[in-house]
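1. return a 3D structure for these sequence lines:
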Amino acid sequence: MIEAGYGYVDCFGGPDSSLPDVTVDLGDSVRIDIKPPAIKAWPTCSSNHATLTAIERLLTGHHINSAEIVAVDHYGALQPGSGSLRFREVTDPLQAKFCLEYNIAAAFVDGHVTLDSFGGERFARGDLQDFMTRIQRHFDPAAERLVVTLTDGTCRSGLSLDAAAIATEIETLASRLMSESCSAYLPQPDRGRRPRRQADPRHSTRCSAFPS
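-> Presented below is the predicted three-dimensional model:
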């Protein structure tokens, strides 16, 4: 699981990794205290999330048919083709998760980004890859924004990707998803059914935080 072939060290470190260096602080600190777990708003690389949130805002305020989009210009502080979103073209669904152009295409063409967006069947259709040719990324650390140009010349621009506001939106969405997910495990109110006989705790063989 850790040091064996295809284990954690092999997959995330490769031949240059050093298990002793990785485990030197094991037991002295807990990573969860530094960065607690969080829910991703979209099932893709988190570096896409600010742009996807901006697109969601845009589609909420305007009816935009993806067929009428002739160009999408993205301006941001990340150098195109570098960092976690280094793929400019994609050859498989895994690369698509680390390609901003693919994520933008899925958001505009499908109106949403879900696990299915990165499934083999959706990827193989090729229309998202075709849409990617309309997208241009520009390095501009002073202006995080998205500009969409339509066939009639209309530009939907000036869409600020405010990091603080987006973080709040993502946190709100994550809280709602957490609430909806957990509700499936919570006891439901009695609907007039006869209560089930409780098992004798002396005969219990396991304990669970959620109902079976």
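2. model confidence for Asp33, exactly?
-> Per-residue pLDDT puts Asp33 at 66.
3. what's the answer for Asp116, then?
-> 95.
4. the residue nearest to it when sequence neighbours are not counted: which element?
-> What sits nearest to Asp116 in space, not counting adjacent residues and going by Cβ to Cβ, 6 or more residues apart in numbering, is Arg122, at 5.5 Å. In short, each C-beta sits where N, CA and C put it, glycine included. Here Arg122 sits within helix 120-124, counting by DSSP states H and E.
5. which other residues reach that helix?
-> Val90, Asp92, Pro93, Ala96, Asp116, Leu128 (Cβ atoms under 8 Å, 6 or more residues apart in numbering).
6. give me the buried stretch members for stretch 82-90, please.
-> For stretch 82-90, a neighbour-count test (16 or more other Cβ atoms under 10 Å) marks Leu85, Phe87, Val90 as buried.
7. quick check: end-to-end length of it?
-> Distance across stretch 82-90, first residue to last, is 14 Å (Cα to Cα, to the nearest Å).
8. if we can go back for a sec, following the helix holding Arg122, which helix or strand comes up?
-> Assigned by DSSP H and E, the successor of helix 120-124 is helix 127-132.
9. could you give me the average pLDDT of that next one?
-> The model assigns helix 127-132 a mean pLDDT of 97.
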